[in-house]
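[1] everything below, folded, please.
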Amino acid sequence: MPIVDIFNSQAFSEGQLHFEFFTNFTDEHAELQDFETYRRIFGVIGILDCQEWKDKSLVKGYEEMMKETYPTAVVTRCFAFDPPEDQADNASGLIIIPNIGNITFYMSTMMNDFANEVLTQFSVIANRIQSLEVLESPIPVTHMSPQFQHRYDPQRQSMLATENLRKRTPARIKKLMGDFYLLAGRLPDAIDQ
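    This next block holds a predicted model:
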């Protein structure tokens with residue numbers, strides 16, 4: 001039975017989320033992101049100065065560009081500052097920050113919405129992980145040095161590798177669930193995992 005929203009911020013009101021912002025990204029450890037969730041980029045926030053980018057066609061492809069550049073990001077937003085009066089929000093993730101009123105309050109609300117969406121996506125990812133029968137290793141289990149490969153039957157080796165993966169999967173799932181609880185700011189639940 002899937003757990004609907006286990007990382008909801010209302011469930012653990014004393015937790016805190018701390019965002020880590022990057023201005024560039026390299027995927028040198030991409031193969032480890034499935035086991036070390038802190039390496040994964042879950043959300044991307046673009047900043048746009050409407051006075052500098054008058055070409056609105058650039059904004060239209062923002063979401064597709066973000067998905068291509070940051071494939072693990074499950075939430076993307078583009079905050080547009082200093083908009084012309086005729087500029088409106090659009091469905092592709094562009095959020096216009098008005099020039100009037102309390103911008104700090106508005107940004108706080110937008111960041112809360114962003115954080116809530118990230119936590120909701122944690123639940124989606126966690127449900128997917130919990131339903132896995134086998135959780136693959138980042139480095140194939142069948143990988144061994146050439147001097148030992150000739151001693152083993154490849155079919156038997158593959159069967160043993162799959163059996164070992166099945167045995168390791170429950171512990172790996174618990175570890176990943178603990179990681180997600182930590183990322184969600186829920187230390188007591190992370191320790192229980």
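[2] report the helix or strand with the lowest average pLDDT across the chain.
    Ranking every helix and strand in the chain by mean pLDDT, DSSP states H and E puts helix 146-149 at the bottom, with a mean of 53.
[3] what ranges do the helices span in the chain?
    For the chain, the helices defined by DSSP state H cover 57-60, 62-69, 103-130, 146-149, 154-183, 187-192.
[4] wait, which of those helices is closest to residue 39?
    Closest approach to residue 39 among these is made by helix 154-183 (10.3 Å; CB to CB). For every residue, glycine as well, the C-beta is placed using N, CA and C.
[5] what's the angle from the closest one to helix 103-130?
    150 degrees (axes from the mean of the first three to the mean of the last three CA atoms, to 10 degrees).
[6] how much space separates the spatially most central residue of the chain from residue 118?
    For the chain, the residue nearest the mean C-alpha position is residue 42 (2.4 Å; CA atoms, centre = their mean). Between residue 42 and residue 118 the distance, using CB to CB, to the nearest Å, works out to 5 Å.
[7] before we move on, what about residue 81?
    From residue 81 to residue 118 the distance is 22 Å (CB to CB).
[8] between those two, who's got more neighbours?
    It is residue 118, of residue 81 and residue 118, that has more neighbours when counted by other CB atoms under 10 Å, with 20 against 16.
[9] my read: that one touches residue 77, true?
    No. Using CB atoms under 8 Å, residue 118 is not in contact with residue 77; the gap is 10.5 Å.
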